[in-house]
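S.K.: What follows is a protein structure lacking sequence information:
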């Protein structure tokens, strides 16, 4: 009974979030083997099926909640916020951009006092610049594609077009900045013998 | 006091089981079941989800992994309480003792107001 690998349980483990699987897959499987050895397959599965039904959604919920504070989210929200601010400042009226400035100031203060400031988010970003560049270029590709299909911009709400272009430039700009930071970090932390 | 909120049931039982000393995951599962007279039967996902949260809260820490020859040939990860974890476990025990004492007083003398 103990010899055969618990294939079905191993397959069910794929339903856990990747971070949880990476950390505990071997332990989960070991605990399942132990349960099966000590209590028999039927009893082990009775306990484990209830456990899977409860723990998989719980772990996913926790993973989603943890992800909201991830560096990528912070940097992306900063880029989009900056683009929206610049857009409203250039094209909007004081009634539009003044609340945006106040909201941005409050957000900046909140981030300044948050546990993961932008400095650390940038430092932890690694190859994130590829995603930003890709997202910016992708956005421009969509806009150009839409233009080719429709031949003129009249159908497109111009304010949305302006915001899209600003967001595209903000994403590309953030990508370039992050790439510079990444290159500088790599050069500074290169081993002496490399 | 390190923590004012009571621990969730699974976390509480694991922390109390670790008061005896370091243990691996499956041993914790068995101890929690025995401690609760079979009322709490954890599965692997709940066990390691709870362990993950306790590690995140720095209430427990991993000790060196080792082979447990009595149980199997596989390497197992052992966990023990941190200083903060011991403090929280003591606080939880005190809270439970107070709760039981107050409920007993209420049952013997229903006129007593809960403090």
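M.R.: Arrived safely. Since the structure is predicted, the reported quantities are computational estimates derived from the model, not experimental observations. Numbering: from 1, shown residues only, chains lettered A, B, ... in the order given.

S.K.: Tell me which residue of chain A lies closest to chain B.
M.R.: Relative to chain B, the nearest point of chain A is residue A:51 (2.2 Å; Cβ to the nearest Cβ). C-betas here are computed from N, CA, C, even on glycine.

S.K.: Using the three-state scheme, assign that residue.
M.R.: Classification of residue A:51 into helix, strand or coil gives helix, according to DSSP: H, G, I helix; E, B strand; the rest coil.

S.K.: Verify the contact between it and residue B:42 for me.
M.R.: Yes - taking Cβ atoms under 8 Å as the definition, residue A:51 is a contact partner of residue B:42 at 7.2 Å.

S.K.: residues touching the residue of chain A closest to chain B, list them.
M.R.: Contacts were defined as Cβ atoms under 8 Å, 6 or more residues apart in numbering or on different chains; by that measure residue A:51 touches B:42-46.

S.K.: Looking at these, spot the one nearest residue B:97.
M.R.: Relative to residue B:97, the closest of the contacts of residue A:51 is residue B:42; by Cβ to Cβ it sits at 24.4 Å.

S.K.: how deep is the closest one tucked in, by neighbour count?
M.R.: Taking other Cβ atoms under 10 Å in any protein chain shown as the neighbour definition, residue B:42 ends up with a count of 24.

S.K.: quick one, what contacts the closest residue to it other than its chain neighbours?
M.R.: Using Cβ to Cβ, 6 or more residues apart in numbering or on different chains and skipping residues adjacent in sequence, the residue nearest residue B:42 is residue B:29, 5.2 Å away. If you count contacts by Cβ under 8 Å, 6+ apart, residue B:29 has them with A:31, A:35, B:42, B:44, B:47.

S.K.: would residue B:29 count as being in a helix?
M.R.: Yes - with three-state DSSP as the criterion, residue B:29 is part of a helix.

S.K.: buried set for the one helix or strand residue B:94 maps to?
M.R.: Take DSSP states H and E as the rule and residue B:94 turns out to sit in helix B:83-108. Counting neighbours by 16 or more other Cβ atoms under 10 Å in any protein chain shown, one finds that the buried residues in helix B:83-108 are B:85-86, B:88-89, B:91-92.

S.K.: now swap in stretch A:17-33 and tell me
M.R.: A:17, A:20, A:23-25, A:27-33.

S.K.: Show the pLDDT at residue 114.
M.R.: Using chain A here. We note a pLDDT of 56 for residue A:114 in this prediction.

S.K.: not quite, I wanted chain B
M.R.: Model confidence at residue B:114 (pLDDT) stands at 60.

S.K.: And for residue B:97?
M.R.: In the prediction, the pLDDT value recorded for residue B:97 is 93.

S.K.: and the next element down the chain from the one helix or strand in chain A whose mean pLDDT sits lowest?
M.R.: Among the secondary structure pieces of chain A, namely its helices and strands, helix A:118-123 has the lowest mean (mean pLDDT, DSSP states H and E), a mean of 55. Read in the C-terminal direction, the helix or strand following helix A:118-123 is helix A:128-150, with elements assigned using DSSP H and E.

S.K.: tally of neighbours for residue A:182?
M.R.: Using other Cβ under 10 Å, residue A:182 has 18 other residues around it.

S.K.: can you tell me the helix or strand for it?
M.R.: Residue-wise, residue A:182 maps onto helix A:158-188 under DSSP H and E.

S.K.: Over to residue B:80?
M.R.: Assigning secondary structure by DSSP H and E places residue B:80 in strand B:75-81.

S.K.: Any chance you could list what contacts that strand?
M.R.: Residues lying outside strand B:75-81 but in contact with it, judged by Cβ under 8 Å, 6+ apart, are A:27, A:30, B:15, B:18-19, B:21-26, B:28, B:51, B:54-55, B:59-68, B:89.

S.K.: Mark which of the residues you listed are part of helices, please.
M.R.: If you go by DSSP state H, the contacts of strand B:75-81 have A:27, A:30, B:15, B:25-26, B:28, B:51, B:54-55, B:89 in helices.

S.K.: Need the max-distance pair from the residues you listed.
M.R.: Of all pairs drawn from the ones in helices among the contacts of strand B:75-81, the one with the longest distance (Cβ to Cβ) is A:30 and B:89, at 25.6 Å.

S.K.: Up against chain B, what does chain A have?
M.R.: By the rule Cβ under 8 Å from any Cβ of the partner chain, the part of chain A lying against chain B is A:16, A:20, A:23-24, A:27-35, A:47-48, A:50-52, A:54-56, A:58-59, A:62.

S.K.: Having no further points to raise, I will conclude here.
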